[in-house]
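Student: Return a 3D structure for these sequence lines:
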Amino acid sequence: MKLKKGSKLLIIGDSIGDFGRARPVGEGLHAGLGTGFPRLLDAILRLQAPEMEIRVVNMCTSGDTSKDLLSRWETDVTALSPDYVMVEIGINDVWRHFDEPYKKEIFISREEYGSNLRKMADLTKGKVKGLFFLSPFLMELNKKDAFRALMDSYREEMRSVAKETGACFIDSQKAFDAYFKNFHPVSVSWDRVHPDLTGHLLLALEIARALGVKIK
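Tutor: Here you go, the predicted structure:
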């Protein structure tokens, strides 16, 4: 397993991870972690690797972009002294190009997105045992769709930054694309962005495998 025993894993991101997590710190059994993939990941870790005593903390906030994550990094990541950090961000960096097309001042380019991810890596360097990047995804089969194509571009930017900085890259889009060989995207999302429980379980399992958890 890639996590050391007794470690704190902090997940920071946007609404994909938020899903009603507690404020100011999303932690604890029941509703503390929210109802999305962080809670399911915590359940998998407690069931499949209880001896590891992994502590999961959810610091995701709905609507956040990579720029927003940087603005709260000191209070929501560094100050909580995690052993490992998982960054789930990118969909809003892309989405604003489509749902707020006239507000160009809020757009985050692929270059800025990559720069923000590098800054996150720099801010954790020497302070954590490991950094994980969970890629953005869109539940859309047509790769020529403008939203999907731009999201894929940002996903590749994250992959590149992960390789450059030594972070572990987890390709959530690849996992969803495999699922869509049997089910249409509308079966797990109403807006192509926010997963239902099945989608969150898919994410949690993909992350658990990336962490080296042996699913029994």
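
Student: drop to CA atoms for contacts and neighbour counts, all remaining ones
Tutor: Fine.

Student: From Glu156, how far off is Thr75?
Tutor: Distance, Thr75 to Glu156, by C-alpha to C-alpha, to the nearest Å: 28 Å.

Student: What are the buried residues along the longest helix seen in the chain?
Tutor: Using DSSP state H to define each element, the chain has its longest helix at helix 146-165. For helix 146-165, burial by neighbour count (16 or more other C-alpha atoms under 10 Å) applies to 147-148, 150-152, 154-159, 161-162.

Student: Could you do stretch 188-207 as well?
Tutor: 188-189, 193-196, 199-207.

Student: next one: stretch 179-186
Tutor: Phe180, Pro185.

Student: hmm, who's touching it?
Tutor: Met139, Glu140, Leu141, Arg192 (C-alpha atoms under 8 Å, 6 or more residues apart in numbering).

Student: Would you check that Glu157 makes contact with Ser115?
Tutor: No - the criterion here is C-alpha atoms under 8 Å, and Glu157 misses it with Ser115 at 9.7 Å.

Student: how about the contacts of stretch 179-186, which pair is most distant?
Tutor: Greatest spacing in the contacts of stretch 179-186, by C-alpha to C-alpha: Leu141 and Arg192 (10.0 Å).

Student: Which parts of this structure are helices?
Tutor: Under DSSP H, the chain gives helices at 15-18, 37-48, 66-71, 73-76, 91-99, 110-124, 146-165, 172-179, 197-210.

Student: Quick test: name the residue nearest the centre of the protein.
Tutor: The C-alpha lying nearest the average C-alpha coordinate of the chain belongs to Glu88 (C-alpha atoms, centre = their mean; 2.1 Å).

Student: Alright, that wraps it up for me.
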